[in-house]
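Asks: I'd like to go over a predicted model; first the sequence, then the structure.
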Amino acid sequence: MQNLDVNKIRSDFPILSRLVNGKPLVYFDNAATTQKPKDVIDKINYYYSNINSNVHRGVHYLSETASKEYEDTRKLVQNFINAKSHNEIIYTRGTTESINLVASTYGRNNLVEGDEVLITHMEHHSNIVPWQLICEEKGAKLKVVPITDDGELILSEYDKLINEKTKFISVVHISNSLGTINPIKKIIEKAHKYNIPVLIDAAQSIQHTNVNVQELECDFLAFSGHKMYGPTGIGILYGKKELLEKMPPYQGGGDMILSVSFEKTLFNSIPYKFEAGTPHIEGVIGLSEAIKYIQKIGIENISNYESDILKYATEQISDIKEVKIIGTAKEKSSILSFVIDGIHPHDIGTFLDRDGIAIRTGHHCTEPIMRRFNVPATSRASFSFYNLKEEVDVFVESLRSVIKLFS
Ligand code: PMP
């Protein structure tokens with residue numbers, strides 16, 4: 001393992017040197033959104049200062065330059081997740097829109113009354129509600145794979161729940177509130193034995209671990225730019241070409257058509273069929289720098305460093321007897337959720353904020369998990385490769401003083 005020069009890395013992120021409430025910022029809310037390196041910020045500035053124009057529409061220099069950057073990013077994303085073709089990469093607003101796109105196009109075209117869609121108990125709301133909506137519309141049923149008290153999927157339940165009515169499986173790669181890394185390769189293999197397509201919600205994995213869609217053989221993959229050091233409002237849907245080609249468009253408008261008359265519209269080929277209207281050009285171009293930044297550090301170095309930070313934080317926090325960790329799976333990544341008896345997570349978050357520490361408190365858009373563990377909410381610290389063990393120490397000390405205050 002190459003040792004990361006974390007102090008050098010930190011200097012690439014302007015926000016990390018600011019003070020919050022008079023204290024150095026400790027940013028442990030990376031699962032909600034990550035901070036942006038200067039490369040990304042500068043690239044967005046470059047775009048608006050030098051090449052701002054609409055893509056795919058002009059023959060002039062600015063439009064051609066912006067279009068080239070826009071399409072080059074598609075190839076960069078293709079390479080990043082090892083897709084077979086850049087035409088399998090669709091720009092969306094984020095994970096949420098990517099999942100909605102699949103539910104409302106593939107789902108609408110393929111589900112009929114009595115069919116079943118299989119998700120898990122640890123999904124983010126954005127991998128529950130779109131399926132609920134389409135199931136309701138089609139008279140299909142949503143089935144849920146349960147989890148253990150450690151927050152691991154009960155894999156054998158797939159064998160019980162998959163049957164001839166199962167038409168789609170959607171599963172999160174890494175849980176945003178438990179940190180569990182799911183064995184998605186095994187789940188995909190099980191599904192493909194019955195020719196059931198699988199969508200992977202990679203919102204919490206793409207920035208932490210190697211994701212290779214051809215090796216996984218997943219049918220769809222969704223992720224967000226803002227959780228991988230890129231801009232907000234941009235995300236990716238990967239889909240296998242043969243599936244995307246059969247799916248109807250998501251939205252109608254400019255760019256997604258070949259020709260339009262009042263009698264009939266012919267749709268553009270993939271991926272453009274799914275990209276109606278002027279896209280988030282700035283977001284796409286900013287995303288390219290975020291990917292290059294991750295590649296520069298190396299995803300394996302990132303994974304190893306973050307595992308180390310998680311291990312250290314887990315050890316430190318386990319020394320505090322009042323703390324109960326929610327999510328104790330064997331395979332975990334970057335997320336530490338916990339509760340403290342008698343102190344509401346919002347109070348913990350507010351007190352830590354006074355010390356300049358940003359953590360997340362609440363249900364993390366996973367209400368079914370909160371119910372499963374019988375808690376209203378948790379406090380969640382989530383780590384990135386720019387975090388330091390010294391910051392973990394500051395966090396643990398602050399946590400100890402909150403406990404003292406409330407006892
Ligand atoms: N899935 C998971 C696992 C997530 O953590 C999130 C964001 N918290 C989403 C989906 C939704 O992502 P976005 O809000 O960027 O669309």
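Replies: Looks like it arrived, so ask away.
Asks: near the ligand, which residues of the stretch 251-400 of the chain?
Replies: Residues of the stretch 251-400 of the chain lying close to the ligand (C-beta under 6 Å from any ligand atom) are Cys365. C-beta coordinates here come from the backbone N, C-alpha and C atoms, glycine included.
Asks: Okay, now the unreliable bits of the stretch 1-150 of the chain?
Replies: Within the stretch 1-150 of the chain, the stretches with pLDDT under 70 are 1-2.
Asks: Could you pull out the helices in it for me?
Replies: Under the criterion DSSP state H, counting those that start in this stretch, the stretch 1-150 of the chain contains helices at 6-11, 38-46, 61-81, 95-102, 108-110, 129-138.
Asks: Buried residues in the third one, which are they?
Replies: When burial is assessed from 16 or more other C-beta atoms under 10 Å, helix 61-81 yields the following buried residues: 63, 65-67, 69-70, 73-74, 76-78, 80-81.
Asks: How about the first one?
Replies: Under the neighbour-count criterion of 16+ other C-beta under 10 Å, helix 6-11 has Ile9 buried.
Asks: One more: the second one?
Replies: If you call a residue buried by 16+ other C-beta under 10 Å, then helix 38-46 has these buried ones: 39-41, 43-44.
Asks: And that helix, what does it pack against?
Replies: For helix 38-46, the packing partners by 3 or more C-beta pairs under 8 Å, 6 or more residues apart in numbering; DSSP states H and E come out as helix 281-297.
Asks: Please report phi then psi for the residue lying farthest from the centre of the chain.
Replies: Here the centre of the chain is the reference, and by C-alpha atoms, centre = their mean the most remote residue is Glu263, at 40.4 Å. For Glu263, the backbone dihedrals are phi -90, psi -40 (criterion: degrees, to the nearest 10).
Asks: Need the pLDDT of it.
Replies: For Glu263, the pLDDT comes out at 93.
Asks: quick revisit: columns distance to the ligand on top of the helices of the stretch 1-150 of the chain, output as CSV?
Replies: CSV is the format used below for the helices of the stretch 1-150 of the chain (distance: least, C-beta to the nearest ligand atom, whole Å):
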stretch, distance to the ligand
helix 6-11, 23
helix 38-46, 16
helix 61-81, 16
helix 95-102, 3
helix 108-110, 20
helix 129-138, 11
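Asks: So for Ile299, which of those helices sits nearest?
Replies: Among the helices of the stretch 1-150 of the chain, helix 61-81 comes nearest to Ile299, with 9.0 Å by C-beta to C-beta.
Asks: Also compute the angle for the closest one relative to helix 281-297, please.
Replies: With axes from the mean of the first three to the mean of the last three C-alpha atoms, to 10 degrees defining the directions, helix 61-81 sits at 40 degrees from helix 281-297.
Asks: Tell me which of the helices of the stretch 1-150 of the chain sits nearest to Ile348.
Replies: That would be helix 6-11 among those, by C-beta to C-beta, at 25.3 Å.
Asks: List of residues touching that closest one?
Replies: The contact list for helix 6-11 (C-beta atoms under 8 Å, 6 or more residues apart in numbering) reads 16-17, 297, 305, 385-388.
Asks: which of the residues you listed sit farthest apart?
Replies: Across the contacts of helix 6-11 (C-beta to C-beta), the longest gap, 19.9 Å, separates Ser17 and Tyr305.
Asks: So for these two, which sits in the more crowded spot?
Replies: Tyr305 (23 against 10; other C-beta atoms under 10 Å).
Asks: Hmm, Phe385 and that one touching each other?
Replies: Yes - using C-beta atoms under 8 Å, Tyr305 is in contact with Phe385, at 5.0 Å.
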